[in-house]
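Q: okay, predicted coordinates and the sequence, questions at the end:
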Amino acid sequence: MLKIGDTIQLIEKVEDTQLEVYGYYEVFDIMFDGSFVYLQDGFGVYKVPRTAVQIVS
């Protein structure tokens, strides 16, 4: 189960973001229905589809 603070790996390109495919990011927030997650890096927070990420820890 994905939760806030988990480390995930991006497994597909997300349009309009500078996130790297196969990069590791921290889960900042999760949309109430789980369809989108918000990832945080050193530059900001990004909304990405849940299907574009894989749980690492």
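A: On my side now, so go ahead.

Q: measure stretch 42-52 end to end?
A: 20 Å (Cα to Cα, to the nearest Å).

Q: buried sites along it?
A: Under the neighbour-count criterion of 16 or more other Cβ atoms under 10 Å, stretch 42-52 has 46, 48, 52 buried. In this view, the C-beta of every residue, glycine as well, is placed from N, C-alpha and C.

Q: contacts for that stretch next, please.
A: Outside of stretch 42-52, the residues within contact range by Cβ atoms under 8 Å, 6 or more residues apart in numbering are 2, 10-12, 14, 17-19, 28-29, 34-40.

Q: among those, which are in helices?
A: Residues of the contacts of stretch 42-52 located in helices (DSSP state H): none.

Q: just the buried residues out of those, in PyMOL syntax.
A: Buried members of the contacts of stretch 42-52, identified by 16+ other Cβ under 10 Å, are gathered into one PyMOL selection as follows:
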select buried, resi 10+14+19+28+37+38+39
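
Q: ranges for the strands of this protein?
A: With DSSP state E as the criterion, the chain has strands at 7-10, 24-30, 36-41, 44-49, 53-55.

Q: now for the shortest one, which elements pack on it?
A: Spelled out, that is strand 53-55. Applying 3 or more Cβ pairs under 8 Å, 6 or more residues apart in numbering; DSSP states H and E, we find strand 53-55 packed against strand 7-10.

Q: what are the pairing partners of the strand it packs on, and which direction each?
A: strand 24-30 (antiparallel), strand 53-55 (antiparallel) (DSSP bridges).

Q: mind saving the C-alpha coords of the first one as PDB?
A: In other words, strand 24-30. The C-alpha coordinates for strand 24-30 follow below in PDB (Å, rounded to 0.1, in the frame of the first residue of the first chain):
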ATOM      1  CA  TYR A  24      13.500   8.000  -7.300                       C
ATOM      2  CA  TYR A  25      11.200  10.500  -5.500                       C
ATOM      3  CA  GLU A  26       9.400  10.900  -2.200                       C
ATOM      4  CA  VAL A  27       5.600  10.700  -2.000                       C
ATOM      5  CA  PHE A  28       4.400  14.100  -0.800                       C
ATOM      6  CA  ASP A  29       0.600  13.400  -0.900                       C
ATOM      7  CA  ILE A  30      -1.900  11.000  -2.400                       C
END
